[in-house]
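Chemist: my questions are about this predicted structure, shown below with the sequence.
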Amino acid sequence: MALRSQHVHDGGVVERRLRPVYDWLDNGYNKKALQEAEKVLKKSPSLQAARALKALALYRLGRAQEAGAVLDALVEEKPSDDTTLQAMTMSFRESQQLHKVCTIYENAVKIDTTNEELHSHLFMSYVRVGDFRSQQRAAMAIYKFAPKNPYYFWAVMSIVLQAKETEDTTKRNILLTLAQRMIDNFISENRMEAEQEARLYIMILELQEKWEDIIKFIESPLYGQLIPGSISQACIPYLKKLGRWKKVNILCKELLYDNLDRWDYYMPYFDSVFHLMKENSNEENIDDTAEKCHEFICQLVESMSSGRTLRGPYLARLELWKRLSVEGDPTALLGSALALCVQYLRVFASKPCAVPDLKVYLAMIPQEEREANCRDFLTCLGFDENSEPETMDDIQRHISCLTAWRLTAPRPGTTDALQLAATLRRHYLRSLEKNMIKYSTTEFCSADSYAILAAHHYFYAATEQKSSKPILEALCLLELVLLYSPANYHVKLLLVQLYHLLGNALAADSIYRRLELKHIQLVSLGWLHTARADAACVPTRALQLLADLRAFHTHHAKDSIEHMTYAYKFGTFEKVVELRAWAARLEACALCAVSARRRDLLALLAAPAPPAPPAPLHAAHTDNRDLNIIVNWEPPELQDPDLRSRTFDQDMAYLRLTDALLSSVTLCTELAENKPIEEKMQHYEQLRTCVDTFSEAMEKCTEKYCVYEKITISGPFPSRIIGFVSSPVPYRELYSITLRMIGELSMNNTDKVHELCDQVVAIILISSKLIVQEIRYGAEDNGWSMRDRLESLSNYLQSIGVLTYLLGVCYEMITPTNTKKSKKKANRSVDQMQTIKLIDNINVTLQQAIASLEELMDLWPDYDFSVDLEEELTRMNINPTAPSPVENKLKLGLDKIIEDIQNILKRKTAYLKGLILNTNT
């Protein structure tokens, strides 16, 4: 962020001297900025602005302690010039010492009591730390000598936030009443000037549930002056709160006559109709029966001018049918739901949104009727699955009919799915052959949907056959589509999902990069790739992806705070509330919490560096996944309404497991420090608690999550916890016994340590045999089982990373501090010699387990790649601008995965060999 001097305190000479420092800081050359600041300080040692900029440069160079010393000295001097204060603010913000920003501006306003800008900065400093009471005082202090509306409403908003934060109902009511009276005074004096001031007043009344007062204010002349727009529209939500359904009905009808396509008017209209039906009012101008409602909708349909067909009135009939069907059969009034849906499709099939509109209403048709008449959707415009449209509009209509058919028909068997997939692929290739598909870097092509629908049917066949061949066909087709429609994100999302289905995260990553996800998308779509990368045995890339997610999660709080200051500056008070809620939601993000612990455990595999203690878990984590991003054409009866809640519950269980494991590992690091046993006792007790928690959680999860989830094309893959707890490898005992052994070793409980060491050796040997059996390939399809085997391998590699690190901790404990850097042999007792021998035995056993894994990696099979798309392209004389990259991506990706694993295992072996002590003396 650029820093520029706003006031020149020492003349133009100082400004000229400081300019190079600003330039170097702005361009990221912090060392140069430090040098320039030092030059200025040689000539003017007491210049506060130069010292503040020097501190900022020092902090950005990683010399936080030196920067802190300079800043502390400046705080004591109580500077009041804006240049110095802004530079200090930047340093404190980057070091997350926001309370010190409040301190320096508190000191500054005491010196310059009527400086409006300094008081504004003081208010914003309180905003950053969330001190609402101080915000109120600061805002009123500015208003006293600078009576401007924004400052007054800053104070009002600060009172509102105090009310929203408190749990004391009496205090909340008092604060809201105070805020309302403050604005009432402004209204009576006719001093309100801005739209957001009016909206803040409505917000206060909403919090008090004063719906009558809100309506009176909206109907007043002042509201119309401040907020242009429909007063009727603004009144509707509050009339609904008051239950004035007749007024709602009349207003909605008036609005719909002028706005036939406004769906946000239809919904309150239907609400009013169905409430009035219960009241039996029987008034002429009120639609209080289903018949009147249907007549009104028909009038809307008839009122549409020729050539201008709108979707709203047609969807309104479907919505009416849906609501009436809850308590009876509306067929006599409206006809069959099937006929209404077919009619809608017939009218709007040329629009890509036609089938998504219908999708909500298809479920209201009984399954038997829907499946028996499913071909009505396909043939309603004269098409069938083999039709060959000649124009782009007809292609879109054909695709709408096909997708509506698939949503209503029973799921096809393997043979039918493959036949339909081949037909759809031919439709796409024919469009390509006839040059109906033009390369565009920004737009989708209608014909792309042929390939997307074909990929779904290849997936159906693959899951039935448990074969990778249909998936390979789908991948080749989708890569071809992406060649001509590089902007089609639906294709990219499917490619990522299907590459992961075959266990090739690096091939998926090549597509994921092209999605160019930014900011919140890293969280909402993190389940698609980031959450799968470490399970797919690509630790290097997984660490990068998890680091990107961590960076966003770390910085979003800073960004949210700055956005809140801008909301105050521009008077958008509604955004202040939204930003606070959004920041709290992201702070409690479950995906970020799971990813943070995965990253730390994965780092142990990459290098045996001590992990930081995990952050405390939130009381209520939030699920921010967007699980609707991939188009799904499954019929309603095959939709899984519990998928989100069930998978979230599984992820939370895995979060608690990894948290307990990581906490135990960090406690072992604490126990390895050279301290008296009495000082270690607290950490020892904590370790025992963590291990018990982990062990009990593993036992419960093994019972609860022992059944594998069904794989869907549009949802997340089965949670890591399922493969972890259902693995034949006894991870519960492997981790628990090893951690307990380290705890006893730190307490010098020699007999217990020796007993546990023998158990660790035995369980490593058992685990080594079981993992080989679990991931060894048999006669099944190599590609189809690749994902499960790599996930099993990933769980085992995680254990190797943890055990390797813990062995390093053991050697730290058993090696005397004064002999670590000495070549002389230390005198050891018999018990110490036996302990070292047993630890060395664990080391050798772990090396043997790694060696057996290396042998297995040398024999890892490749994908069975055979597709017939190339033959079909040749037969149709289609020459794509580039060959299909699927085979190459899969081969190179798998080779890289195996190479990375082998390199990691070699490094682990070398590290373990370097730990072994000479026990012959």
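Modeler: Received, thanks.

Chemist: now do the strands in the stretch 201-350 of the chain.
Modeler: Defined through DSSP state E, counting those that start in this stretch, the strands belonging to the stretch 201-350 of the chain form an empty list.

Chemist: quick one: stretch 602-614 to chain centroid distance?
Modeler: 24 Å (CA atoms, centre = their mean, to the nearest Å).

Chemist: and the contacts of it?
Modeler: 534, 539-540, 542-543, 546, 596-597, 600-601, 659, 662-663, 665-666, 669, 797-798, 800-802, 804-805, 808, 904, 911 (CB atoms under 8 Å, 6 or more residues apart in numbering). The way it works is simple: take the backbone N, C-alpha and C, and place the C-beta from them, glycine included.

Chemist: filter those residues to the buried ones?
Modeler: Burial by neighbour count, judged by 16 or more other CB atoms under 10 Å, picks out 534, 539, 542-543, 546, 596-597, 600-601, 659, 662-663, 665-666, 669, 797-798, 800-802, 804-805, 808, 904, 911 from those.

Chemist: thought residue 860 was touching residue 898?
Modeler: Yes: assessed by CB atoms under 8 Å, residue 860 is found in contact with residue 898 at 5.5 Å.

Chemist: and for residue 589, the neighbour number?
Modeler: Residue 589 has 23 neighbours, counted by other CB atoms under 10 Å.

Chemist: in contact with it, which residues?
Modeler: 523, 553, 621-622, 624.

Chemist: for it, give the beta-bridge partners.
Modeler: For residue 589, the beta-bridge partners are residue 622 (DSSP bridges).

Chemist: that one and residue 701: what is the separation?
Modeler: 22 Å (CB to CB, to the nearest Å).

Chemist: same thing with residue 770?
Modeler: Separation of residue 770 from residue 701 (CB to CB): 19 Å.

Chemist: quick one: which of these two has more around it?
Modeler: Shown here are residue 770 and residue 701; by other CB under 10 Å, residue 701 has more neighbours (21 against 16).

Chemist: list the buried residues in the helix or strand residue 110 falls within.
Modeler: Assigning secondary structure by DSSP states H and E places residue 110 in helix 98-111. By 16+ other CB under 10 Å, the buried positions in helix 98-111 come out as 98, 100-102, 104-109.

Chemist: same check, this time on stretch 246-264
Modeler: 246-253, 255-256, 259-260.

Chemist: swap in stretch 761-779?
Modeler: Result for stretch 761-779 [16+ other CB under 10 Å]: buried residues 761, 763-764, 767-768, 770-771, 774-775.

Chemist: and if you look at stretch 272-283?
Modeler: Applying 16+ other CB under 10 Å to stretch 272-283 flags 272-277 as buried.

Chemist: now those residues in TSV, with pLDDT?
Modeler: Below are the buried residues of stretch 272-283 laid out as TSV (pLDDT from 0 to 100):
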residue	pLDDT
272	94
273	93
274	92
275	92
276	91
277	90
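
Chemist: identify the farthest-apart pair in those residues.
Modeler: Using CB to CB, the two most remote members of those are 272 and 277, lying 9.7 Å apart.

Chemist: got the contact list for the residue most central in space within the chain?
Modeler: Compute the mean C-alpha point of the chain, and by CA atoms, centre = their mean the closest residue is residue 523, 1.7 Å away. Taking CB under 8 Å, 6+ apart as the criterion, residue 523 is in contact with 549, 552-553, 586, 589, 591-592, 624.

Chemist: tell me the secondary structure of the nearest residue to it once chain neighbours are set aside, please.
Modeler: In space, and not counting its chain neighbours, residue 523 is closest to residue 624: 5.0 Å by CB to CB, 6 or more residues apart in numbering. The local conformation at residue 624, judged by DSSP: H, G, I helix; E, B strand; the rest coil, is coil.
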